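In: Quick one, structure for this:
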Amino acid sequence: MIGLFFLLLFLAVAVGGTVFWIFMIIDCATKEPSQGNDKLIWILIIIFGSLIGALVYYLVRRPQRIAQLGA
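Out: Residues are numbered from 1 along each chain as shown. Down below sits the predicted model:
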């Protein structure tokens, strides 16, 4: 019973993390301005950094972009 709970919890976290990762790739690709190589670098950070890269983008760059561009 406990094992099933941990399995379901692990699956929920894995699926949620994957959805968040994909959402951050799409957000960066569609809303990040194309000045220089910034968009490409952030997409590579998100892809190769996996969940950590997506969290860094979400917590660091995304608020900066929203404050600067309003989008």
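In: Just the element for Pro33, please.
Out: Here Pro33, judged by DSSP states H and E, is contained in no helix and no strand.
In: Let me know the pLDDT of Ala71.
Out: Model confidence at Ala71, given as pLDDT, is 68.
In: oh, I was asking about Asp38
Out: Predicted confidence (pLDDT) at Asp38: the value is 89.
In: Can you give me the neighbour number for it?
Out: Residues contacting Asp38 under the criterion other C-beta atoms under 10 Å number 14. Quick note: C-beta positions are derived from backbone N, CA and C, even for glycine.
In: out of everything not next to it in sequence, what's closest to it?
Out: Glu32 (6.6 Å; C-beta to C-beta, 6 or more residues apart in numbering).
In: ditto for Ile45
Out: If the residues on either side of it in the chain are set aside, Ile45 comes closest to Gly53, at 4.6 Å by C-beta to C-beta, 6+ apart.
In: Enumerate every residue touching the one you found.
Out: The neighbourhood of Gly53, defined by C-beta atoms under 8 Å, 6 or more residues apart in numbering, consists of Ile45, Ile46, Ile47.
In: Need the residue closest to the centroid of the protein.
Out: Among the residues of the chain, Ala54 comes closest to the average C-alpha position under C-alpha atoms, centre = their mean, at 2.8 Å.
In: backbone phi and psi for Pro33, please?
Out: Per-residue torsions, Pro33: phi -70, psi 150 (degrees, to the nearest 10).
In: before we move on, back to that, now do the contacts for the residue nearest to Asp38.
Out: Residues in contact with Glu32 (C-beta under 8 Å, 6+ apart) are Asp38, Lys39, Trp42, Arg61, Arg65.
In: isn't the residue nearest to the centre of the chain right next to Met24, touching?
Out: Yes: the pair formed by Ala54 and Met24 meets the contact definition of C-beta atoms under 8 Å, at 4.0 Å.
In: got any residues that touch both of these two?
Out: When contacts are counted by C-beta under 8 Å, 6+ apart, Ala54 and Met24 are jointly contacted by Ile46.
In: That concludes my questions; thank you for your assistance.
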